[in-house]
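Colleague: test case, fold it:
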Amino acid sequence: MSDPVFGQLISIAGGKLSNLQRLFEPIRIGPLELPNRIVMAAITTHFDFDESGRLWENFYAERARGGAGLLIIGAFQSLYPGRRAYVGKVNLHHDGDMPRLKELTTAIHNSGGKAAAQIATYDYWAKNGAESTAEDVGPSEVTIPTSGLHPNFSRAEYLPKVRLLTLEEILMIEEAIGDAAVRAQKTGFDAIELQMVGGSLLCRFVNPFTNRRTDRYGGTLENRARFIVEAITKIHRKIGDDFPIICRIPGLDMVPWGLTLDHWKEIALIIERAGAHALSIYPGWHETREPRHQMCVPRGGFVYVAERIKEVVRIPVMANIRINDPILAEQILEEGKADLIAMGTPLIADPDLPRKAKENRLEDIRMCTACCNCWDDVMRGEAITCSVNASVGREDKRTIHRVKKSRKVFVIGGGPAGMEFARVAASRGHKVVLFEKKDRLGGQLLYAAIPPYKEEWRTLVNYLSTQLRKLHVEVRLDVECTVRTVERYKPDAVIVATGAAPMIPDISGIKRKNVVTALEVLDEKKKVGQEVIVVGGGSTGCEVAEFLHKKGKRVTILEMLDRIGGDIGNWNRWVVIDRVSASVRMETKAKVEKITERGVHVTWAGKYPKFFEADSIVIAAGMKPVDKIAKELQGKVASLYKIGDCAEPGKVKEAISSGFQAGLRV
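Modeller: All right, here's what the predicted structure looks like:
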């Protein structure tokens, strides 16, 4: 990346912005007027696989009520996909899904929103529908080397070899794209977005590495872009010139054989002349090994790509990726770097973000932390969930309703689970008292936000702390709630959210002075020497290793399993491993047998002894529940709940979900 726009990582909980004028100015995309500049980017949710309820409709209706100017839904396939239909169940390549799509657009319109259908043309196609096998197809029969690509694409020496499309088939696909646009219009969508990102078929036609044709669809840029131009022309002929067409382009391919920003500036001009009404800039092929959505990417890190495209076109340009803060969004618009702001995951985290921003309630926004939990769900073929918003996918069943009779509730522990419970219970009308034995709220989130590139977790602490203050939750810091406290004040219910503590393995020498825990290192309660061994190669071990490396230490991770970072989600793991392995020594299948003042004795691969010298040993071997008070209160209170890590150690998503659900039950 060059010249990135670094969004300032600020705490919005303590500040106000008097005016977000540009963000809430109306804008036209062709004939369509939007009330503001916030667009929900297309996200694969898998809610369209739900047959029993209305998860899909409820999810998007909630975002429409939240005030986004436009919701882009998709991607909907324009070609019969065959074996890879898991991307989405509902599509636009046939008429059968039109009733379901009409239900979706009706739900969005009834909630005050506008919707665009994202039409995708992927590089696989079952030409004769259910009667044929899907093939990888493209402009030329090219195999792409996998060296330097995303790990998902590097399991074989080459990506699948594609079959060259015939001239007749190209015309068939153009016709199919036009027909998909017709279906989108008939089912009530207000616009379409033609997807040509991620290495899809349209991407491959404009790229000279993947397009080596010698006919009118290959060679010069004009010829390579002909497929796109003809597809847009076909759409106009079938649905008219007054139906908005957005084209989503990379602007920057981010792969070894990819097109540069300057190439895409030329293509953007061609697309504008072909009749597109707006451009959405979404950098990268799926195969790229460069991070795009992860927390390590600075806020607004790809805005510069949209800015450069905007220099050459007159139609509106939309900036995408890692824009989760309305203040940053306003700055981008004010400085003329884009005309619209796409927010995908930020509107998963808080569907009311636009409305709250317009009402100048920035402190009430539950910000996306870029943890990528939702992306991990999609990769597993599951419906998306959210680490910070437990209502995602259950908008109709997890609404917070006021109680008829208020109860006095004690919460023991001020980590994410305890804070989320307190927020929900107080919102329902209960009188909540929260006890935290430390001098600040946050629990494990305070540690989670310390390692490099993890600062976004602070926004969740800020959000929850602010909500407790505004809901008049009585927070008692530096106070340990005991059985005697509960017996004295007799609350109606007690919620135990005391979290977890580091697990200390049974290793000879574990109590030596040169042994510390990962948490002690992160909050700098204890110092370490220059040569450091980290025992445990999970997420915590990797984070503390990177933290120490940034401080100039020489670090070795010892993991007894055969995989480092096994508990890190797939969307993040390769990024973490790429980064940490460049600076930290990693050893797998290494079981620590004994710790001495000089280092550690290890059995490697189950049979070979090995010694690693070190000044300090950091234990990062997992966490165990801290539930002593829960056991002591058993049978002494009418309602007793254990939530978060003290019930079962997990990630932020599990803590927030357990706190939220307990808050609805109490």
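
Colleague: only C-alpha atoms for contact and neighbour calcs from this point on.
Modeller: Noted.

Colleague: am I right that A117 falls within a strand?
Modeller: Yes: the assignment for A117 (DSSP: H, G, I helix; E, B strand; the rest coil) places it in a strand.

Colleague: these two touch, right, it and Q77?
Modeller: No: counting by C-alpha atoms under 8 Å, A117 does not reach Q77; the two are 10.3 Å apart.

Colleague: the more surrounded of these two?
Modeller: Set A117 next to Q77 and count neighbours by other C-alpha atoms under 10 Å: A117 wins out with 32 against 26.

Colleague: who does that one bridge with?
Modeller: I73, I192 (DSSP bridges).

Colleague: against G663, how distant is it?
Modeller: 37 Å (C-alpha to C-alpha, to the nearest Å).

Colleague: per-residue pLDDT, the closest residue to T498 other than its chain neighbours?
Modeller: Spatially, and ignoring its direct neighbours in sequence, T498 is nearest to G413 (4.7 Å; C-alpha to C-alpha, 6 or more residues apart in numbering). You'll see G413 listed with a pLDDT of 98.

Colleague: and for F227?
Modeller: 98.

Colleague: tell me which element it falls in.
Modeller: Per DSSP states H and E: F227 is located in helix 226-239.

Colleague: how about that helix: buried residues?
Modeller: R226, F227, I228, V229, E230, A231, I232, T233, K234, I235, H236, I239 (16 or more other C-alpha atoms under 10 Å).

Colleague: reformat the residues you listed as JSON lines; add distance to P491.
Modeller: What follows is the buried residues of helix 226-239, written out as JSON lines (distance: C-alpha to C-alpha, whole Å):
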{"residue": "R226", "distance to P491": "72"}
{"residue": "F227", "distance to P491": "69"}
{"residue": "I228", "distance to P491": "66"}
{"residue": "V229", "distance to P491": "69"}
{"residue": "E230", "distance to P491": "70"}
{"residue": "A231", "distance to P491": "67"}
{"residue": "I232", "distance to P491": "66"}
{"residue": "T233", "distance to P491": "69"}
{"residue": "K234", "distance to P491": "68"}
{"residue": "I235", "distance to P491": "65"}
{"residue": "H236", "distance to P491": "67"}
{"residue": "I239", "distance to P491": "64"}
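
Colleague: which other helices and strands does the helix holding F227 contact?
Modeller: Here helix 226-239 touches helix 167-186, helix 201-206, helix 261-274, going by 3 or more C-alpha pairs under 8 Å, 6 or more residues apart in numbering; DSSP states H and E.

Colleague: ok, back up a step: quick check: the residue nearest to T498 vs F421, distance?
Modeller: For G413, the distance to F421 - C-alpha to C-alpha - is 10 Å.

Colleague: between these two, which is the more surrounded one?
Modeller: Each of G413 and F421 has its neighbours counted (other C-alpha under 10 Å); F421 has more, 31 against 28.

Colleague: can you give me the end-to-end span of stretch 399-418?
Modeller: 19 Å.

Colleague: what's the answer for stretch 82-99, then?
Modeller: 22 Å.

Colleague: check which residues of that stretch are buried.
Modeller: G82, V87, G88, V90, N91, L92, H93, H94, M98.

Colleague: understood, closing this out.
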